[in-house]
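Novice: Quick check, what structure comes out for this input:
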Amino acid sequence: MTEAAVAAKPAARVRIQRRPLHGVLLLDKPLGLSSNDALQKAKWLLRAEKAGHTGTLDPLATGLLPLCFGAATKFSQVSLDADKRYLATLALGIRTTTGDAEGEVLERRDADGITPEQIAAACVAFTGEIDQTPPMYSALKHEGKALYEYAREGVEIERKARRVTIHAIEIVAMHAATVTLDVRCSKGTYIRTLAEDIGARLGCGASLAALRRTGSGSLTLDGSITLAALEALPDEQRAALLTSPDRLLAEAPELRLDAADAARFLSGLRRRVNAPDAERVRVYGPEPRAFLGSAHITAGELIADRLLTPPEVQALLAD
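Specialist: Next up, the predicted model:
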């Protein structure tokens, strides 16, 4: 074979040896990357067999994206349902087609006279339980098609308002017509819509200039890592960044079983326990790190919800 033929021959595809990993990675998602793209990149870097994320974070948003691997995927719904926390930067006086910096500008108005007191009052008006109409530029589906696809075609779909809860909004910084807010809210809250609503109440309009998620339930950016930093690590150090799947259940009370009851629990059998009723508990065996799964307690009876398999429990104990 000639040198030219060798050079023209495509390089052989390298087959990555996947490995079973179990745990949670706190990823600091970069700007411009979808949640799924970030997940696939992390999964590739970790050479993990099974992975999933805990709810989408918009490509134009940065910040906390908990990624679940192996056994941790069984508990991803807990983080998906958890309250969220964001740093939202609003551009006052600017309305766009999408409600954020990606859209075309619809209107510009003078917002220089807006005071912090006026902004604080507007934020109070949207604190508590409120009804939000999902934006057209969202991933919500209508007849199997995302709303943003209709929006790009110039089609407006009627959307029903949804009840969400804004626990608190605090002004973090303000410079000219740009204000940054610390928002604590329930799942399903559209921060773009909140920015537009605050702008409308102020009378100048507003759009979302930047968004960063800083919390999901008990999880924060503390201990998080960027994709660039993860890639820069030696392969053997990447898996060490994963924390136990029970990190997702940190807000639930702990229940520890002896060896016999732990074996029965893992087989799915209900057990009588001396503990108060609870919607969710973290269940452990006798060993210090023997996480077995989640359950609820009703009338003194422990009922399994999500169980680890014995090999998964042993894998976590071996880490």
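
Novice: so which strand or helix has the nearest residue to V124 once chain neighbours are set aside?
Specialist: Nearest non-adjacent residue to V124, counting by Cβ to Cβ, 6 or more residues apart in numbering: I169, 7.8 Å away. (C-beta placed from N, C-alpha, C; glycine too.) Counting by DSSP states H and E, the element that carries I169 is strand 162-175.

Novice: And the pLDDT at the residue nearest to V124?
Specialist: I169 carries a pLDDT score of 98 in this model.

Novice: V6 now?
Specialist: We have a pLDDT of 32 for V6.

Novice: Also N274?
Specialist: 92.

Novice: For the nearest residue to it once chain neighbours are set aside, list the residues it contacts.
Specialist: Excluding its sequence neighbours, the residue lying closest to N274 (Cβ to Cβ, 6+ apart) is G300, at 7.4 Å. By Cβ atoms under 8 Å, 6 or more residues apart in numbering, G300 lies in contact with 272-275, 277.

Novice: Among the residues you listed, the buried ones, what's the PyMOL command?
Specialist: Applied in PyMOL, the following selects the buried portion of the contacts of G300 according to 16 or more other Cβ atoms under 10 Å:
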select buried, resi 273
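
Novice: hang on, isn't G52 packed against P66?
Specialist: No - counting by Cβ atoms under 8 Å, G52 stays clear of P66, with 10.0 Å between them.

Novice: quick one, which of the two is more surrounded?
Specialist: P66 (24 against 16; other Cβ atoms under 10 Å).

Novice: Starting from the helix-or-strand element of the chain with minimal mean pLDDT, tell me the next helix or strand along the chain.
Specialist: Ranked by mean pLDDT, DSSP states H and E, the helix or strand of the chain with the weakest confidence is helix 3-8, at a mean of 36. With elements assigned by DSSP H and E, the helix or strand that comes after helix 3-8 is strand 23-29.

Novice: Report all helices and strands that that following strand contacts.
Specialist: Judged by 3 or more Cβ pairs under 8 Å, 6 or more residues apart in numbering; DSSP states H and E, strand 23-29 is in contact with helix 35-46, strand 61-69, helix 227-232.

Novice: now the ones you listed in JSON lines, with distance to L317 and mean pLDDT?
Specialist: Shown next, in JSON lines, are the helices and strands packed on strand 23-29 (distance: least, Cβ to Cβ, whole Å; pLDDT from 0 to 100):
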{"stretch": "helix 35-46", "distance to L317": "20", "mean pLDDT": "95"}
{"stretch": "strand 61-69", "distance to L317": "17", "mean pLDDT": "96"}
{"stretch": "helix 227-232", "distance to L317": "25", "mean pLDDT": "97"}
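
Novice: Make JSON lines out of these and add distance to G293.
Specialist: Shown next, in JSON lines, are those (distance: least, Cβ to Cβ, whole Å):
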{"stretch": "helix 35-46", "distance to G293": "23"}
{"stretch": "strand 61-69", "distance to G293": "14"}
{"stretch": "helix 227-232", "distance to G293": "28"}
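
Novice: right, so the ones you listed: which one is the most enclosed?
Specialist: Using mean count of other Cβ atoms under 10 Å, the stretch among the helices and strands packed on strand 23-29 with the largest mean neighbour count is strand 61-69, at a mean of 25.

Novice: strands paired with that strand, and their directions?
Specialist: When pairing is defined by DSSP bridges, strand 61-69 lines up against strand 23-29 (antiparallel), strand 51-53 (antiparallel), strand 206-216 (parallel).

Novice: closest to L292 out of these?
Specialist: strand 23-29 (15.6 Å; Cβ to Cβ).

Novice: contacting residues around that closest one?
Specialist: With Cβ under 8 Å, 6+ apart, strand 23-29 has contacts from 35, 38, 42, 46, 57, 61-70, 72, 219, 221, 223-227, 230, 241-245, 247-248, 316, 319.

Novice: 7 Å instead, please
Specialist: The contact list for strand 23-29 (Cβ atoms under 7 Å, 6 or more residues apart in numbering) reads 35, 38, 42, 57, 62-69, 72, 219, 221, 223-226, 241-245, 247-248.

Novice: try stretch 217-228
Specialist: Residues from elsewhere that reach stretch 217-228, judged by Cβ under 7 Å, 6+ apart: 26-28, 30, 38, 41-42, 63-64, 66, 79, 82-83, 214, 241, 250-251.

Novice: Next, the distance between the ends of it.
Specialist: In stretch 217-228, first residue to last residue: 25 Å (Cα to Cα, to the nearest Å).

Novice: quick one: buried residues of it?
Specialist: For stretch 217-228, the neighbour count (16+ other Cβ under 10 Å) marks 217, 219, 221, 224-225, 227 as buried.

Novice: now swap in stretch 128-142 and tell me
Specialist: 130, 132, 134-138.
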